[in-house]
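A.B. asks: sequence below, structure please.
(2 chains)
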Amino acid sequence: MKRTDIRKILVVGSGPIVIGQGCEFDYSGCQAVKALRREGYKVVLVNSNPATVMTDPEMAEVTYIEPLTVDTVAAIIRQERPDALLPTLGGQTALNLAMELAASGVLDECGVEMIGANAEAIARAEDRNLFKAAMAEMGLDMPKSGSAHSLAEAERIASEIGSWPLIIRPGFTLGGMGGGIAHEVEEFREIVGRGLEASLNREVLIEESLIGWKEFELEVMRDRAGNAVIVCSIENMDPMGVHTGDSITVAPIQTLTDREYQAMRDDSIRVLEKIGIETGGSNVQWAVDPKTGRRIIIEMNPRVSRSSALASKATGFPIAKIAALLAVGYTLDELKNDITQVTPACFEPTLDYVVVKIPRFAFEKFPGVDKRLGTQMKSVGEVMAIGRTFKQAYLKAVRSLEAPLAGHDVASFDPWFKAQLDEIEAFRQHLGSLDCLGKLDPLLRQAKVFGFSDKEIAAAAKCDEAAIRARRLALDIRPEFGEVDTCAGEFEAKTPYYYSYYGYGSRGARSFSGSRETGRARKIMILGGGPNRIGQGIEFDWCCCHAAFALRKMGCEVIMVNSNPETVSTDYDTSDKLYFEPLTFEDVMEIYEREHCDGAIVQFGGQTPLNLAERLAAAGVEILGTSPKDITLAEDRDFFRALVKEVGVKQPPSGIAHTVKDALAIADEIGYPVLVRPSFVLGGRGMAIVYHEERLREYVEEAVKISEERPILIDKFLTHAIELDVDCVSDGKTTIVGAILEHIEAAGCHSGDAAAVTPPISLSAETIIEVESIARKFAERLHVVGLMNIQLAVKDGEIWMIEVNPRASRTVPFVSKAVGWSLAGEAARVMAGEKLNVADLRVLPISNTDSQFYCVKEAVFPFAKFPGADITLTPEMKSTGEVMAFGRDAATAYYKSQLAAGSPLPRPDQGGIVLSVRDEDKAEVVHLAKELDALGYEVWATRGTSTALWKAGIESNALYRIQLGSPNALDLIRLGKAKWIVNTREDGELAAHDSLKIRSAAVLAGVPVTTTLAGFAMAVRGIVAMAQNKGETVTARQNL
Amino acid sequence: MNYEAKWERERERKAFLVLDDGTIWRGVAFGARKDALGEVVFNTGMTGYQEILTDPSYAGQFTVLTTAEVGNYGINAEDVESRGLFLSGLVVGDLTGPSNWRSEKSLDEYLEANGTPGIYGVDTRALTLHIRAHGNRKAYLAVREDLGELEALDQARSWVGLDGQDYAAKVTCEKPYGFLRAEKPRRGEVINIVCYDFGVKTNILRSLAEWAKVTVVPADTSAESVLAMNPDGVFLSNGPADPSAVVYAIKNIRKLLGKLPLMGICLGHQLLALACGAKTARLNFGHHGCNHPVRNLTTGKVEITSQNHNFAVVPESVPDVLEVTHVNLNDGSIEGIRHNTLSAFSVQYHPESCPGPHDANYLFNQFRKMIVR
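C.D. replies: Model prediction:
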């Protein structure tokens, strides 16, 4: 029965996207918020991530886009006085935050009840010692282990266990951060040290290695009446030793008998009871010795997790939604199964298909880092695929990845999986042994039933995809479509959620005779973005969701295609029909034709669907909005150059080089520094700013390996320019600029990595008018119908054109949140033929003259997961996520954004600041240091910087270069004295070497590092502003 | 492995299952190369093919496993539910080789050794949806490659089917035997149970033998003979096909009612209901799987249950002497009954699981309490 004693519920989100915590928590949070509101509860939501659907103003009653810190959330609690706190849907972040809130006493003070899981249960699941004790009481087998709070204690435990390798896991972190596998003493000491730092309670668990054991996971739901069901069983192909998030995983479990599975099921349910999870979803992880079947409990998460998102998408069972409803008192049997709409939610989904998840990595972004998979999660995204056989699902997942498979040790897989992969490869070779299309005919259907794409068949048989496709269509070999129906066909599914598969057909009824008709006038397909990766993540999914919402509101039938299980776009009620399919030409065409779509939207999902646009159009797909031709034209150098000239904007001089000699000549002509990039990759990959001939030679020869086929582009780099991002919507006639974002870092760092503020703070009124006018002209000339993003640089009052992208950009959700107007939704409407209505707009002023508040976007980086990676911001994007902060002035908003991004700037009483800057920055640093000095900060500085400060009358403690003596910056970081590192890259090898070491150490120690002068300046302004306006209150977005 | 020969057979798809409505479902033969007649049912469990194969309740049926991959964990010596295989044949989607530390042989070898035919490569989802729409149907499985489609269809159509057939008689044991667990019963008192074997699953016997000395008797053993054995309780086992055809059992149960505590499972449940005056009827496509939610009306708790039945007690026919104790949450069908005045209860589903969840295992203890009370 639904509880009526609570009315207002605080839901905590998971903050920015980081490795280990992706957009799955937006998906789960959205489900929960929707479900709770439908039940009549008042929902207060707090999350710092603007690219989430959950923070849309129409989702929760009250939305706080604020840092997820104890102080901030406590302030929100005092202001909102919720009856309950639901901490189990925002990942580890929300869980940790809830524990800290409970410890701070604010929950008791305000009479807030934790629902879903209480503090004792969370502690029992999360604290290794409590967990171990509880499991031992149940009689469950555990690995030999011990927990340590110091290195000495750790070494004692290691000798007690007495065998290598050893697994080290820090307590209270996310994604296994700071953990690792040690094979010998030195490695052991290093990992333990790192783990102690990463742990919230300075604790590491050291345990017997189960490397190579089979790994399983069960998703359990439990209600307060004690009813419990297993939603999904998952088997990891990568055995123990590889983090689950980095493993290829399969649902359902494939290699356990019923007897073994049911025993695991019983124990999993008992674990929830023992830990005290009253209601909701938890996952329980098990390891099984492949030789003996000895089964060991690994861990349980007392909350909705990455795996639960996967389990929901794999089975059609909405775990987060049900968990939220159970938390407010319902029991499982009182809730309906959304998919069948007639049977209750109290059942166990059964699958008549196989689901494969493959993680996607981004090692190419971090040269030199350890690419081996281990207990520390490194992947940045994942794909899920559904097939009627394992082979079909696996091959589909591989082609959904859009990248080669990385890092998995096939030799370590269970023989069952190895046999499947072996047969796939044998068949691929068999296809290759047939030298012509004629001989291929009889094998074509079989190849499709195996799960091969036309493209793979073509590659194996050495012919082209078009030929295979033509032959396949001529032979009428087309896919069937199955449904994700939770019940293996036993009941009729009411929610259309499909996957394709090839079979041999039968003379009986086709498995699924036709698509369900909704009777809506127009059918529009939206192509999603596929797996999250650096540069293409949740922001694009947000755009796709908003397009779906807007089009459905217009009365269109929306058909969503995507392969990313973490997203809101692949929730079954975001669109009218969901196809969980790879985003390839072949797969998309089959859906488009089967559904008889009236058009497709390709400009919201990032590069993935855009890359398909031209082929789709050529095959008869009606591409809505800006034509693929115009999108491509914008990327054509010559066309673009002419267009820029026509519009009358300056463009940095540039050239294209095919040889080293060319490159040097071009650079000489336009002058250093230059921005160089390979012409054959997108998204800033391999981009660099080069200051000297020597470095250019190195870059061209080694990094890029220039050749006739692989030319590089060289642009004049504008130093100390202000970079702008402009996002607008156009209906072909009217163009509305949503917002102008001013980057805080100077031009040269990737726009996705730069902090930015809107409204802009340093542009004149004339410049703003001109920027708007430029946007209109480009929109008109590129025939933009939909979204357009322009990147400009402003230097000495002059505007320079950098790039135009007539499509969704990463900043669209942020801008939409800032101005309170969904640019993506509007764009979708105009793409479907409607016109923009300027009168309807309720937009944040573009200029700063009458703005009531400012919004800052800050990027969040995964450096802590990649020890040794260079953290310098470059034209190559490295961030995984972003946060948003509001403030009554830009400096306050910036300060809060640092807090939200997890790099809080210290107060004077918290510790010292280390300054180490290059010569050209010294004059300004002196200025800023004065302000810090006045606020009472202790300042440490390297010799050059220290001298400059001394000359200006500021006292600082001098630091040595690392190799030259103590104290140096590393010592201060180790001792915990340095709470903020300001380090702009210095010239000279020794200095560069120092920089790298200092930054790495700081990242591992969790000390914020500022690497740009502009960032430092803004931070100092923020600190000053915060010191002045004490008691800045939290404000709901709806009230701004 | 000789892949090319395997692939060729998979392309040729010479085996087929023909339903009496004329639909033909092609695939690849495995197991015994022996044609067979039977009724087609689908089972939605994701594990437990070995238990399903050895469950006598499947006698006379082709079992379509809806789970995508079958054969994965092979066959072992422990997970058998009776002395042999009774089903007509097995229909699966993808057949794969075994990998499990307990596996001793492959599914293919097992079926072949036990004379049971199988067919794989069938679009089991399409077939399942067909059965859902058209009900369980009579069918002929042709794996020998010597029969034409039309002849096979004739065979399917002219087969007598399961309605009104006493299949319990075909699968029951020939003479009484004692079932002992390897270990001694856990509790001190000696309780004697007679178990009617209408097609009993071994795990029922294992469950009873935890606290009782169990004597298994053939289905047609008279009530008098059972009473003469002086047991403390009588158990009515699961079994195949049509309960209304097992007339002698219904009569015997009537005689035992009130004299001894009774517990029934599945067919045993239907027989108890019939003995008390209720009626049974066919469900459209039955319940076969491991995920069916059942509410215990006494406690209010929901159990996830293992199910395997085509017939069920008709709700309107339940006489006043019986009380409905368990209800299926999916379709509201009766899942358990108890006699209002006499010591007798039964459930439609399988508390012994194997395959399936163990949620309802408490019912055996309930039987024990009824006896020792």
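A.B. asks: what pLDDT does the model give residue 304?
C.D. replies: You didn't pick a chain, so chain A it is. pLDDT for A:Val304: 91.
A.B. asks: meant chain B, my bad for not saying
C.D. replies: Looking at B:Ile304, its pLDDT reads 97.
A.B. asks: which residues does it bridge with?
C.D. replies: Taking DSSP bridges as the rule, B:Ile304 bridges to B:Pro293.
A.B. asks: these two touch, right, it and B:Gly289?
C.D. replies: No. Between B:Ile304 and B:Gly289 there is no contact, the gap being 10.3 Å when judged by C-beta atoms under 8 Å. For every residue, glycine as well, the C-beta is placed using N, CA and C.
A.B. asks: what touches both of these two?
C.D. replies: Taking C-beta atoms under 8 Å, 6 or more residues apart in numbering or on different chains as the criterion, B:Ile304 and B:Gly289 both touch B:Gly356.
A.B. asks: and the helix or strand that contains A:Ala103, average pLDDT?
C.D. replies: Assigned by DSSP states H and E, A:Ala103 falls within helix A:91-104. Averaged over helix A:91-104, pLDDT sits at 96.
A.B. asks: chain neighbours aside, what residue packs nearest to A:Val926?
C.D. replies: Excluding the flanking residues, the one nearest A:Val926 by C-beta to C-beta, 6 or more residues apart in numbering or on different chains is A:Ala952, at 4.4 Å.
A.B. asks: quick one: list the elements packing against the host helix or strand of B:Leu17.
C.D. replies: According to DSSP H and E, B:Leu17 maps onto strand B:15-19. Counting contacts by 3 or more C-beta pairs under 8 Å, 6 or more residues apart in numbering or on different chains; DSSP states H and E, strand B:15-19 packs against strand B:24-31, strand B:117-120, strand B:137-142, helix B:149-158.
A.B. asks: will you turn the ones you listed into CSV that also has mean pLDDT and mean neighbour count?
C.D. replies: Shown next, in CSV, are the helices and strands packed on strand B:15-19 (pLDDT from 0 to 100; neighbours: other C-beta atoms under 10 Å in any protein chain shown):
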stretch, mean pLDDT, mean neighbour count
strand B:24-31, 96, 23
strand B:117-120, 98, 26
strand B:137-142, 97, 26
helix B:149-158, 97, 17
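A.B. asks: closest to chain A out of these?
C.D. replies: Taking C-beta to the nearest C-beta as the criterion, strand B:24-31 is the member of the helices and strands packed on strand B:15-19 that comes nearest to chain A, at 4.5 Å.
A.B. asks: show residues contacting that closest one.
C.D. replies: With C-beta under 8 Å, 6+ apart, strand B:24-31 has contacts from A:504, A:506-508, B:9-10, B:12-19, B:89-91, B:95, B:107-108, B:110-112, B:116-123, B:126-127, B:143, B:145, B:149.
A.B. asks: partners of that strand, with directions?
C.D. replies: strand B:15-19 (antiparallel), strand B:117-120 (antiparallel).
A.B. asks: next SSE downstream of it?
C.D. replies: Remark: after strand B:24-31, the chain's next helix or strand is strand B:36-43, criterion DSSP H and E.
A.B. asks: can you tell me what sits against that following strand?
C.D. replies: By C-beta under 8 Å, 6+ apart, strand B:36-43 touches A:488-490, B:17, B:19, B:52, B:58, B:60-66, B:87-89, B:91, B:117, B:124, B:127-128, B:131, B:136-141, B:155-156, B:159, B:161-162, B:285-286, B:288-289, B:308, B:310.
A.B. asks: on that earlier part again, ok, which of the strands paired with strand B:24-31 comes nearest B:Gly332?
C.D. replies: Closest approach to B:Gly332 among the strands paired with strand B:24-31 (C-beta to C-beta): strand B:15-19, 28.5 Å.
A.B. asks: could you check the angle strand B:36-43 makes with the closest one?
C.D. replies: Following axes from the mean of the first three to the mean of the last three C-alpha atoms, to 10 degrees, one obtains 80 degrees for the angle between strand B:15-19 and strand B:36-43.
A.B. asks: now for the helix holding A:Ala103, which elements pack on it?
C.D. replies: Judged by 3+ C-beta pairs under 8 Å, 6+ apart, the packing partners of helix A:91-104 are strand A:8-12, helix A:24-38, helix A:70-80, helix A:119-126.
A.B. asks: dump the third one to PDB, restricted to CA.
C.D. replies: What follows is helix A:70-80, C-alpha atoms only, in PDB (Å, rounded to 0.1, in the frame of the first residue of the first chain):
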ATOM      1  CA  VAL A  70      26.700  18.000   2.000                       C
ATOM      2  CA  ASP A  71      26.500  21.700   2.600                       C
ATOM      3  CA  THR A  72      24.500  22.400  -0.500                       C
ATOM      4  CA  VAL A  73      22.100  19.600  -0.100                       C
ATOM      5  CA  ALA A  74      21.700  20.300   3.600                       C
ATOM      6  CA  ALA A  75      20.700  23.800   2.600                       C
ATOM      7  CA  ILE A  76      18.200  22.500   0.100                       C
ATOM      8  CA  ILE A  77      16.800  20.200   2.800                       C
ATOM      9  CA  ARG A  78      16.400  23.000   5.200                       C
ATOM     10  CA  GLN A  79      14.700  25.100   2.600                       C
ATOM     11  CA  GLU A  80      12.400  22.400   1.100                       C
END
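A.B. asks: list of residues touching the helix or strand following it?
C.D. replies: Counting by DSSP H and E, the next helix or strand C-terminal to helix A:70-80 is strand A:84-86. Outside strand A:84-86, the residues that touch it by C-beta under 8 Å, 6+ apart are A:6, A:8-12, A:32, A:36, A:77, A:98, A:101, A:107, A:112-116, A:324, A:327-328.
A.B. asks: got a PyMOL select line for the buried ones in the residues you listed?
C.D. replies: To isolate the buried ones among these in PyMOL, judged by 16 or more other C-beta atoms under 10 Å in any protein chain shown, type:
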select buried, chain A and resi 6+8+9+10+11+12+32+36+77+98+101+107+112+114+115+116+324+327+328
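A.B. asks: low-confidence ranges in chain A?
C.D. replies: A:173-177, A:435-437, A:506-518, A:680-685, A:703-708, A:839-850, A:986-992, A:1030-1032 (pLDDT under 70).
A.B. asks: give me phi/psi at the residue nearest to B:Pro315 when sequence neighbours are not counted?
C.D. replies: Nearest non-adjacent residue to B:Pro315, counting by C-beta to C-beta, 6+ apart: B:Ile334, 5.8 Å away. Torsion angles at B:Ile334 (phi, psi; degrees, to the nearest 10) stand at phi -80, psi 130.
A.B. asks: list the contacts of B:Ile334.
C.D. replies: By C-beta under 8 Å, 6+ apart, the neighbours of B:Ile334 are B:Ala312, B:Val313, B:Pro315, B:Val318, B:Val324, B:His326, B:Val327, B:Asn328, B:Gln348.
A.B. asks: please, which helix or strand holds the closest residue to chain A within the stretch 151-300 of chain B?
C.D. replies: Proximity of the stretch 151-300 of chain B to chain A (C-beta to the nearest C-beta) peaks at B:Asn291, 4.0 Å away. Using DSSP H and E, B:Asn291 maps to strand B:280-296.
A.B. asks: can you lay out the strands paired with strand B:24-31 as CSV showing distance to A:Leu724?
C.D. replies: Converted to CSV, the strands paired with strand B:24-31 look like this (distance: least, C-beta to C-beta, whole Å):
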stretch, distance to A:Leu724
strand B:15-19, 68
strand B:117-120, 62
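A.B. asks: do you know which of the ones you listed lies nearest A:Leu166?
C.D. replies: strand B:117-120 (45.0 Å).
A.B. asks: what's the average pLDDT for whichever helix or strand comes after that closest one?
C.D. replies: Moving toward the C-terminus from strand B:117-120, the next helix or strand (DSSP H and E) is helix B:124-134. Helix B:124-134 shows a mean pLDDT of 95.
A.B. asks: which other helices and strands contact helix B:124-134?
C.D. replies: Using 3+ C-beta pairs under 8 Å, 6+ apart: helix B:124-134 touches strand B:36-43, strand B:61-65, strand B:280-296.
A.B. asks: how about a markdown table for the ones you listed, with mean neighbour count added?
C.D. replies: A markdown table is the format used below for the helices and strands packed on helix B:124-134 (neighbours: other C-beta atoms under 10 Å in any protein chain shown):
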| stretch | mean neighbour count |
| --- | --- |
| strand B:36-43 | 25 |
| strand B:61-65 | 26 |
| strand B:280-296 | 21 |
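A.B. asks: all set, thanks.
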